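how would this look folded up:
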Amino acid sequence: MFVTNHVLDERRSLDYSIYMSEEAPRNIVSRRNRPAKAPLSRDAIVSTALHILEEDGLSGLSLRRVATALDTGAASLYVYVANLDELHSLMLDQALGKVKLPKSSRFPWQGRLKALLLSYFHVLYERQGLAQLAMSTIASGPNSLRIWEMLLGLLKEGGVEDIRAAWGVDLLTLYVTAIAAEQSLRRESGQALRRVESALSAVSEEEFPLVFAFREALLSGEGDIRSEWALDVILDGIVGGQPPDRTLRNPSSDSKTRGG
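Next up, the predicted model:
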């Protein structure tokens, strides 16, 4: 019963070795039971943000939401993007990389221009929230610049004066963006057009005689007919309309002249 500490230590060591030999070998499992995170980068942030936009819409997008999806803190994102506005701009420009530019010059320039704008429309329309994002964001990355370059080139091919071509690009893209945003909201809510139809069907002829008379025409234009007509009207104005009044002065210069 009385043994030395040395003997006790040997006995414990022997008992432990017997116990380990009888037990099945254990698999050592890492506490980290998930794959290693991909390196954080601007492209990863933008791609993740676009995925969130498509899943949750524009209202569900935030830097914190993107950071959570990337398993990092929101502060880490500021190394790559200055703020949410810059992220929006980068997202829009990356998405516009799918716009198809006309490659053949065998067709008239007007047809190629409308084909480009139609591709631009479909890119905005087919991804949830993207058209709404485009309405409040100005993308200025390489994909946006190549679209501007092509539009300017096509307008110049049509003999459009420089200033009208520059302003015309803004007018054309703004119109297509607005149509994409309107149709996206109509698709997602399913209610916008029904409310208009209901209002027009109940309009008073005595109070609104012209609206009553034109109520069917106001809702007419199936498919792309109405949009193509609008583009033709805009193009006719850009090509054959009056050039901007060069006598118009910059308001800021006027205030300086007045001593403001």
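
Can you tell me the closest non-neighbouring residue to L63?
A74 (5.1 Å; Cβ to Cβ, 6 or more residues apart in numbering). Heads up, the C-betas are built off the backbone N, CA and C, glycines and all.

if you go through the protein in chain order, where are the helices?
Ranges of helices within the chain are 5-22, 42-56, 63-69, 74-77, 84-95, 109-126, 130-135, 142-157, 162-189, 192-201, 209-213, 215-218, 225-240, 251-257, based on DSSP state H.

Could you single out the most deeply buried of those?
Most buried of those by mean neighbour count (mean count of other Cβ atoms under 10 Å) is helix 130-135; its value is a mean of 22.

How far does it sit from its chain's centre?
Distance, stretch centre to chain centre, for helix 130-135: 6 Å (Cα atoms, centre = their mean, to the nearest Å).

Please identify which of the helices of the chain is closest to P102.
Nearest to P102, of all the helices of the chain, is helix 109-126, at 4.0 Å by Cβ to Cβ.

Kindly provide the distance from R215 to A202.
For R215, the distance to A202 (Cβ to Cβ, to the nearest Å) stands at 10 Å.

my guess is G129 meets H51, correct?
No: under the criterion of Cβ atoms under 8 Å, G129 makes no contact with H51, lying 11.2 Å away.

Send over stretch 84-97 as PDB, restricted to the C-alpha atoms.
Coordinates of each C-alpha in stretch 84-97 appear next as PDB, following Å, rounded to 0.1, in the frame of the first residue of the first chain:
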ATOM      1  CA  LEU A  84     -21.900  52.900 -50.500                       C
ATOM      2  CA  ASP A  85     -22.200  55.300 -53.300                       C
ATOM      3  CA  GLU A  86     -18.900  54.200 -54.800                       C
ATOM      4  CA  LEU A  87     -20.000  50.500 -54.400                       C
ATOM      5  CA  HIS A  88     -23.200  51.300 -56.300                       C
ATOM      6  CA  SER A  89     -21.200  52.800 -59.100                       C
ATOM      7  CA  LEU A  90     -18.900  49.800 -59.300                       C
ATOM      8  CA  MET A  91     -21.800  47.400 -59.200                       C
ATOM      9  CA  LEU A  92     -23.500  49.200 -62.100                       C
ATOM     10  CA  ASP A  93     -20.400  49.300 -64.200                       C
ATOM     11  CA  GLN A  94     -19.700  45.600 -63.700                       C
ATOM     12  CA  ALA A  95     -23.200  44.700 -64.700                       C
ATOM     13  CA  LEU A  96     -23.000  46.800 -67.800                       C
ATOM     14  CA  GLY A  97     -20.200  44.600 -69.000                       C
END
